[in-house]
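Chemist: Give me a 3D structure for the following:
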Amino acid sequence: MRQGAHVARSVLIGLIGWLSLISLPLLLSCGGGGGNPAAVTPAPVTVTHPSPVSYGSDTVITQDYGGFKLLYDCTEHTALRYEYPLGFDTGYLPRPANFTFDPSLPAGCGQQTSTATYASVVNGWDRGHLVMSNHMDDNATFLLRANYMTNVVPQVGTFNRGIWLDAENVAECYRDIAPLTVYGGVVYTDPSNDVFLASHGIRTPDWFWKAIVSTDPLTQQPIAIAWVIPNQSNLGPLDSYLVSLDELDQQIGASMVAIAGVPADVRASKPVTTWPLPANCSFARATGSAM
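Modeler: This is a model prediction of the structure:
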C-alpha cells in the first residue's frame, strides 16, 4: 500500500474513533435546525470576470450568490464549477416550489431557455442541483438562488436520487463535525446524448465531480475526499468512484478544480472507502420542488 493510502486510512480511523468516543448530540446529530436562523441580509449577487478559461467558450464568469459561487459559461448555458462552505446545520426552511430563471446574469450572458422538467422531454431525467438546496436552507435568499436554472443541469433520475445523493449526504453529516468546503463541477464529453439542446438550450453532462475538504477533529489536520462519477443509471457503490485530489486534477484539469491550500500528502492520498456516515445523522430534506 502506498504511503498516501496509509495516511488516508489513519485519518479515517482517527475520525471514526473520535465519533465512537464522543457522544455529544451536538456533534452527532446532523440537520439540527432547532430554532429560527439568525436574520441575514445577503449581499447582492456579484459578478467577476476571471482570466479566460479554456473550456469551449471565452464567456466564462464567476457568480457569487452569497452562500455559494458558480463558474458559469454564458455561451453553453451551464455552470462548470461550484464551491461553498458549510458549518453546523441550523437550517429548516422549505425548498421553493418552483425553479426560476436567474435574474442576476449580466447583459449578454445566456441561460437555459426553459424551466420545465427535463422529464417532460425525456422520461427519467431530473432537474439536478449542483449546489444542494438543502445545504442552503438556513437562508431564504440563498435557498431561492439555489433553485435558479444556473444551478441546475440534466441528471439521470436514479443518479440524482441515488449515488449523487450519497455524496451529498457525506457533506450533510460531516458539516456537523467540523467546518468544510464543498467543490464540484460537470464535464461534457459526448455530444451524441445532448437531447435537451432544443428544449432547454443546455447539453447533457457526462460526468460529475465532487470534493470535500475538512479538518480531522483529533489532529486538526486537513482531510479531503473526492469522486468522479458518470451521469448514468445502474452505477456501483460510491466507493467505486473515489479519486485523490491529485487524480481529480489530472482527470478534470487543475485550473478547473482549483482547490488550494491542501498539503501535498493529503492531495496524493485516496481514502480506502467513502467516509462512513455518523450514527444518528439526519437526512431531512427540504420539500416542495418537483424534479
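Chemist: Check the model's average confidence along the helix or strand hosting Thr141 for me.
Modeler: Element membership of Thr141, judged by DSSP states H and E, is helix 140-146. Computed over helix 140-146, the mean pLDDT rounds to 97.
Chemist: now Leu86, nearest residue through space, not along the chain?
Modeler: Nearest non-adjacent residue to Leu86, counting by C-beta to C-beta, 6 or more residues apart in numbering: Arg175, 4.1 Å away. In short, each C-beta sits where N, CA and C put it, glycine included.
Chemist: in this protein, which spans are helices?
Modeler: For the chain, the helices defined by DSSP state H cover 3-21, 25-28, 140-146, 157-160, 163-174, 197-200, 245-252, 254-257, 264-268.
Chemist: Kindly spell out which helices and strands sit in contact with the fifth one.
Modeler: In this case it means helix 163-174. Packing partners of helix 163-174 (3 or more C-beta pairs under 8 Å, 6 or more residues apart in numbering; DSSP states H and E): strand 180-187, strand 207-215, strand 222-230.
Chemist: From the chain's centroid, how far away is the helix holding Thr141?
Modeler: Distance, stretch centre to chain centre, for helix 140-146: 15 Å (C-alpha atoms, centre = their mean, to the nearest Å).
Chemist: ok, back up a step: how near is the residue nearest to Leu86 to Leu165?
Modeler: 15 Å (C-beta to C-beta, to the nearest Å).
Chemist: do the same with Ser269
Modeler: Counting by C-beta to C-beta, the gap between Ser269 and Leu165 amounts to 25 Å.
Chemist: who's more crowded, the two?
Modeler: Taking neighbours as other C-beta atoms under 10 Å, Ser269 and Leu165 compare with Ser269 leading, 26 against 16.
Chemist: My read is that that one contacts Ser244, right?
Modeler: Yes - applying C-beta atoms under 8 Å, one finds Ser269 in contact with Ser244, separated by 5.9 Å.
Chemist: need the least confident one among the helices of the chain, by mean pLDDT.
Modeler: Least confident of these, judged by mean pLDDT, is helix 25-28 with a mean of 34.
Chemist: Just list whatever residues bridge to the residue lying closest to Ile252 once chain neighbours are set aside.
Modeler: Once flanking residues are discounted, Ile252 sits nearest to Trp209: 5.7 Å by C-beta to C-beta, 6+ apart. Using DSSP bridges, the bridge partners assigned to Trp209 are Gly185, Val228.
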